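Asks: Sequence and predicted structure below; questions after.
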Amino acid sequence: MRIANSFIEGFRIALQALKVNKIRSTLTALCIIIGITMVTIVDSVTTGMDVTFEKSMAMMGQNVVYVQKWPWGMGGEYKWWEYRNRKEIELEYVEQIRDYSRYANNVTAAANRGTSVRYKDKSAEGVGLSGATANYLEIQGLNIAEGRMYVEQEVRSGSKVAVIGNTLMESLFELESALGKQIRVGGQKFTVVGILEKQGKFLGLEDTDNRIIIPISAYKQIYGLRYGLQIGVQFPSQEVMKEGEYELEGIMRRIRQLDATADNDFALNKPEAFKEQLEGMKAGIYAVGFILSGLSLLIGGIGVMNIMFVSVRERTKEIGIRKAVGAKSWEILTQFLLEAIAICLLGGIIGVALAGGLTILINQVFVAVMNVSVVIVAFSICTFVGVTFGFIPAYRAAKSDPIESLRFE
């Protein structure tokens, strides 16, 4: 019972000391505030990156390998001069892959570029245009909100039909229904037959709803298919995909008529490539963030230690009186440790609150997610810093001679 009462009394005295020295306590906690804010923000941003990544990867389809001329990724090992000389991917590869593959359950082709789209006197710029086969939505995991997707017969005949995204629809039609309306793409008239479900931004940057999809045959008539064609090959499961990717490489080498010793003159790209780059970015953010926050917490801890030495000196006579009336050394130790912890927790509370506000601001541009777990970690760090840097001053107070303390002026 006495132990519990001592803790309660020690905590009450600690809070009273903070109230008496508000400015000093806040200034002492400043580096703690900075450190906790940085720890919380780093975790919020990286968690947001994970959420954004998972959502963006779903936009690229499940268990899909993309056959392209250029591999994804950049860096010092990116041999662009070699990739530039590769032959382009041809549309007829789609049928050949379908015929030869035992594992693929869906094969599509698409070519992409930016364009402008007009409707009457309105114009939308920077629109993502995809010329694609009729099964494109199946591989991409896209759904139709209104209307329909064009069919294989319309692809074969080169019909001027289009499916548009939500952002493009709002830009051109506002409150008017888009279905059945004619828009202009590349100087050609297209009839809107479908509206895509809203998706959001890809990796938090590109608006995937500001887009239009047309039959690949119609795309070819306007722009040609000399550059930028990609073939998406989907497999029924992640397990099958491993075998399927190996098979797909062999099929492409056969189509390209490559010798056994020749390097691949094509790329097999998977969304997982983005994950490797993301992990590298996260590691960099963690490293910089935790180094800076660690320095802030170290400086803050030293500040707490110094202010606790001052507090012990100022209250030397109080310590002597408490010991003279029967206070134990561990009770004195507990009192000053709780005071150090209280200063650090004050910094933690302000730091978490500040990080919460910054997270809301960051969310206006990118996704940031503050978890309850990081708040618990933040307060645990504050407690650890308080105990670590408050122990020596508290120990000195606990071991002080009561007679000498009472004589102190």
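Replies: Sure, I can see it.

Asks: gap between the residue nearest the centre of the chain and residue 270?
Replies: By Cα atoms, centre = their mean, the chain has its centre lying nearest to residue 49, at 0.4 Å. Residue 49 sits 19 Å away from residue 270, taking Cβ to Cβ, to the nearest Å as the criterion. C-betas here are computed from N, CA, C, even on glycine.

Asks: swap in residue 319?
Replies: Counting by Cβ to Cβ, the separation of residue 319 from residue 270 is 67 Å.

Asks: Show me which of these two is the more surrounded one.
Replies: residue 319 (23 against 16; other Cβ atoms under 10 Å).

Asks: Can you tell me the element the more buried one falls in?
Replies: helix 316-324 (DSSP states H and E).

Asks: any idea which strand is longest in the protein?
Replies: Secondary structure of the chain per DSSP state E: the longest strand is strand 106-119.

Asks: Each with direction, which strands does the helix or strand following it pair with?
Replies: Scanning forward in sequence from strand 106-119 by DSSP H and E, the next helix or strand is strand 122-132. For strand 122-132, the paired strands and their directions (DSSP bridges) read strand 106-119 (antiparallel), strand 211-215 (parallel).

Asks: wait, doesn't residue 45 sit right on residue 363?
Replies: No - using Cβ atoms under 8 Å, residue 45 makes no contact with residue 363, being 10.4 Å away.

Asks: Just want to know which of those two has more residues nearby.
Replies: Neighbours were counted for residue 45 and for residue 363 using other Cβ under 10 Å; residue 45 has more, 21 against 14.

Asks: What backbone torsions are found at that one?
Replies: Per-residue torsions, residue 45: phi -70, psi -50 (degrees, to the nearest 10).

Asks: Would you enumerate the residues in contact with it?
Replies: Residues in contact with residue 45, defined by Cβ atoms under 8 Å, 6 or more residues apart in numbering, are 285, 362, 366, 368.

Asks: I'd assumed residue 52 was in contact with the third one.
Replies: Yes - proximity of residue 366 to residue 52 meets the contact threshold set by Cβ under 8 Å, at 7.3 Å.

Asks: Between these two, tell me which one has more neighbours.
Replies: A count of neighbours by other Cβ under 10 Å puts residue 52 above the other of residue 366 and residue 52, at 21 against 14.

Asks: Wait, a strand at that one?
Replies: No - under DSSP: H, G, I helix; E, B strand; the rest coil, residue 52 falls outside any strand and is assigned helix.

Asks: which residues touch the closest residue to residue 123 other than its chain neighbours?
Replies: Closest residue to residue 123 apart from its sequence neighbours, by Cβ to Cβ, 6 or more residues apart in numbering: residue 116 at 5.9 Å. By Cβ under 8 Å, 6+ apart, residue 116 lies in contact with 123, 124, 125, 126, 127.

Asks: longest helix of the protein?
Replies: helix 272-314 (DSSP state H).
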